[in-house]
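1. Give me the fold of what follows.
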Amino acid sequence: MRLPQMIVTTVAAIAFGYVGSQYLNKNIMYAIGGGMVGLSAITYLVEPKTKEKPINTRSKSSV
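-> This is a model prediction of the structure:
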């Protein structure tokens, strides 16, 4: 993850947490947090669909 994306994500999470704690019920915030933890665990465990091609490190000309 790039640094600007991490900063924006962190600010958004803090803002969402503040708004949620001010205007939503405590149980709803627990449910949202549990859902986020579950989704992140599933995302971590599932293999990515895109597979990178191996990089050829050998040069074509022999020395």
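
2. So which residues of the chain form helices?
-> Ranges of helices within the chain are 3-23, 26-45, based on DSSP state H.

3. Find the residue at the geometric middle of the protein.
-> Ser40 (6.8 Å; C-alpha atoms, centre = their mean).

4. Do you know the pLDDT at that one?
-> In this model, Ser40 is scored at 82, pLDDT.

5. same deal with Asn27?
-> 82.

6. Burial check on Lys26, number of neighbours?
-> By other C-beta atoms under 10 Å, 9 other residues sit near Lys26. No exception for glycine: its C-beta is placed from N, CA and C like everyone else's.

7. If you drop the residues flanking it in sequence, what lies closest to Gly20?
-> Closest residue in space to Gly20, ignoring its immediate chain neighbours: Met29 at 5.0 Å, by C-beta to C-beta, 6 or more residues apart in numbering.

8. Settle this for me: that neighbour is touching Ser21, isn't it.
-> Yes - contact between Met29 and Ser21 holds when scored by C-beta atoms under 8 Å: they sit 6.6 Å apart.

9. out of these two, which sits in the busier spot?
-> Shown here are Met29 and Ser21; by other C-beta under 10 Å, Met29 has more neighbours (14 against 10).

10. Could you list the low-pLDDT ranges of the protein?
-> Counting by pLDDT under 70, the chain shows low-confidence ranges at 1-2, 47-54, 56, 59-63.

11. one step back: any chance of the helices of the chain in JSON lines with distance to Thr57 as columns?
-> As requested, the helices of the chain are exported to JSON lines (distance: least, C-beta to C-beta, whole Å):
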{"stretch": "helix 3-23", "distance to Thr57": "29"}
{"stretch": "helix 26-45", "distance to Thr57": "29"}
